[in-house]
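# Quick one, fold the following:
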Amino acid sequence: MGLALSLGVHVADEALTDFLSVYNPAVEAIRQRVPWIPLPTFTFPIWLAGLLLLVSVLLLFSLYAFRGARWMVWLAYLLGVIMVLNGVGHLAGSIYLGRPMPGVYSSPLLLAAAAFLLIQARKAQRFRAT
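Numbers count the residues shown, from 1 in each chain. Predicted coordinates:
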């Protein structure tokens, strides 16, 4: 639940700092160099709706996590790793660009929540193994 809420804060950060003005041109540049990579571009309403849906689904999944569903451990690992990559990407992008990238301000929160999720997933996995 913490990671879902942190992702919600991150989405708000990106939306308020015009993330798509960086993302869409970067995708276009990547497509020109590597045309076989299927990276999508987005309009703001579609992008925001998709991420709000994702956050909502993650909040619903937290019900299964609280009930101890075994499959949630593997989903937690996957989600945790993806969110670590997301947070690090914003920080690295800011260093590369030499200015704060949209979404960078909430990246530490996202990284902390992802790390906590990964630690809890590992504990749950160990607990079930004993």
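
# Mind jotting down where the helices sit in the protein?
For the chain, the helices defined by DSSP state H occupy 2-16, 20-33, 44-66, 71-97, 107-129.

# looking at these, which is buried most?
The highest mean neighbour count among these, using mean count of other Cβ atoms under 10 Å, belongs to helix 2-16: a mean of 19. C-beta here means a position set from N, CA and C on the backbone, and glycine is covered the same way.

# That helix to helix 44-66, inter-axis angle?
Here the directions of helix 2-16 and helix 44-66 differ by 170 degrees (axes from the mean of the first three to the mean of the last three Cα atoms, to 10 degrees).

# Quick check: mean pLDDT of helix 2-16?
The average pLDDT within helix 2-16 is 95.

# Could you do stretch 87-103 as well?
94.

# Adjust the sequence numbering to begin at 634 for everything that follows.
Right, with 634 as the first residue, what we last looked at is stretch 720-736.

# CA atoms of it as CSV?
Coordinates of each C-alpha in stretch 720-736 appear next as CSV, following Å, rounded to 0.1, in the frame of the first residue of the first chain:
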residue,chain,number,x,y,z
GLY,A,720,13.4,6.3,-9.2
VAL,A,721,17.0,5.8,-10.2
GLY,A,722,16.1,6.7,-13.8
HIS,A,723,14.7,10.1,-12.7
LEU,A,724,17.8,10.8,-10.6
ALA,A,725,20.3,9.7,-13.3
GLY,A,726,18.3,11.6,-15.9
SER,A,727,18.6,14.8,-13.8
ILE,A,728,22.3,14.3,-13.5
TYR,A,729,22.6,13.7,-17.2
LEU,A,730,20.5,16.7,-18.2
GLY,A,731,22.1,18.9,-15.6
ARG,A,732,18.7,20.0,-14.3
PRO,A,733,15.9,18.5,-12.3
MET,A,734,14.0,16.1,-14.4
PRO,A,735,10.2,15.9,-14.0
GLY,A,736,9.5,13.4,-11.2
